[in-house]
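> next come a sequence and a model predicted from it.
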Amino acid sequence: MLQNSELQITRPEERELETKRGELAALETSLAEREVELASLRAELGSFERKYLAEVGLRYAELDELKAQVAEKAAAEQPGDLRLQEAARRTRARAKATRSTAGPGRPHAQKVYTPTPEIKRLYREVARRVHPDLTTDDADRAKRQDLMAQANQAYMLGDQAALTRVFEAYECSPESVQGDGAGADLVRTIRRVSQVKARLEEIDAELKALLASDAKRLREQFDEAAQSGRDLFSELASRIDTEIAGARANLREQLQCA
């Protein structure tokens, strides 16, 4: 007859917990690889865009500004010529667009609004559940601080959807599950699996957008040229510099004839 101490009972929640922990480990490995892939692509495209801006984009902005000034001067000299007036408008619009792309944009004015009762109620509920002072666990406090910062920003902008996402992010987080034992651990693990899957979906969507972006296609053109021994940055810069010199000469000539 078996003694009680020899009995080995594995409860269903313990078996399920072991299965979920294995699933989570595989997902976290995949997540780490995908995060690296995304970070690398961001860095590569960011580096390319900065180089393009410095060597090509700013030159295009200067060239389009000079062209706009030339067109506006010609239009001012012949106000009755509708063709010249339209050309001046088009070139000025292009110059503005190029300058906006090449340089830092103007900061958007902060949205001014009166908080609705619903947003106030939701914000109070978020603060009641998420505030960092409501926990003594360091890891949980750090997460709460981040979520509370997001909640404050959403409240300032009157973004009810973002405020709701903050509330749901904590309510559905592993950290919000109280208690010990296999049951509580299983719920925490299930929630962590859900979080990792959601993050993988976000990464896939961003990777897809980046791979289809204009910056990616442009970089591929430059890379293909480099493989053929050509430096498109230098070629474009030289060509634009020649056009800038011509535009400056045209503008000087117009001013001298005025």
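On my side now, so go ahead.

> make it CA atoms for all contacts and neighbour counts henceforth
Fine.

> any idea which element the residue nearest in space to the middle of the chain lies in?
Centroid check for the chain by C-alpha atoms, centre = their mean gives Glu206 as the closest residue, at 8.6 Å. Here Glu206 sits within helix 182-211, counting by DSSP states H and E.

> so which bits of that helix are buried?
182-197, 200, 203, 207, 210 (16 or more other C-alpha atoms under 10 Å).

> check stretch 17-34 too.
Buried positions in stretch 17-34, judged by neighbour count with 16+ other C-alpha under 10 Å: Leu17, Lys20, Arg21, Leu24, Leu27, Glu28, Leu31, Arg34.

> closest to Ala226 out of those residues?
Of all these, Ala226 sits closest to Arg34, with 28.0 Å by C-alpha to C-alpha.

> so what pLDDT did the closest one get?
Per-residue confidence (pLDDT) for Arg34: 87.

> same deal with Tyr113?
Reported pLDDT for Tyr113: 57.

> and the helices in the stretch 101-250 of the chain?
Secondary structure of the stretch 101-250 of the chain (DSSP state H, counting those that start in this stretch): helices located at 117-130, 138-157, 160-171, 182-211, 214-227, 232-257.

> what does the domain assignment say about this protein?
Listed domain ranges for the chain are 12-107+182-244, 112-176 (source: automatic domain parsing).

> run a quick neighbour tally on Glu44.
Per other C-alpha atoms under 10 Å, the neighbour tally for Glu44 reads 13.

> I misspoke; the intended subject was Gly246.
The tally of other residues near Gly246 (other C-alpha under 10 Å) stands at 15.

> separation between it and Asp137?
Noted for Gly246: a distance of 67 Å to Asp137, by C-alpha to C-alpha, to the nearest Å.

> got a list of what Lys96 touches?
When contacts are counted by C-alpha atoms under 8 Å, 6 or more residues apart in numbering, Lys96 touches Glu65.

> next, it: secondary structure please.
The local conformation at Lys96, judged by DSSP: H, G, I helix; E, B strand; the rest coil, is helix.

> out of the helices of the stretch 101-250 of the chain, which is closest to Thr91?
Judged by C-alpha to C-alpha, the one of these that comes nearest to Thr91 is helix 232-257, at 12.8 Å.

> quick one: buried residues of that closest one?
Of the residues in helix 232-257, those buried (16+ other C-alpha under 10 Å) are Leu232, Phe233, Ala237, Ile240, Asp241, Glu243, Ile244, Ala247, Arg248, Asn250, Leu251.

> can you check stretch 133-145 too?
Neighbour-count burial for stretch 133-145, counted by 16+ other C-alpha under 10 Å, picks out Asp140, Arg141, Lys143, Arg144.

> what is the nearest of those residues to Leu45?
Nearest member of these to Leu45, counting by C-alpha to C-alpha, is Lys143, at 30.3 Å.

> ok, that closest one to Ala169 distance?
According to C-alpha to C-alpha, Lys143 and Ala169 sit 10 Å apart.

> what inclination does the helix ranked longest in the chain have with respect to helix 232-257?
If you go by DSSP state H, the chain has its longest helix at helix 12-52. Helix 12-52 runs at 50 degrees relative to helix 232-257, counting by axes from the mean of the first three to the mean of the last three C-alpha atoms, to 10 degrees.

> circling back to that earlier point, of the buried residues of helix 232-257, just say which sits nearest to Met148.
Checking those against Met148 with C-alpha to C-alpha, the nearest one is Phe233 at 45.1 Å.

> the closest one is in contact with Glu55, isn't it?
Yes. Judged on C-alpha atoms under 8 Å, Phe233 makes contact with Glu55 at a distance of 6.6 Å.
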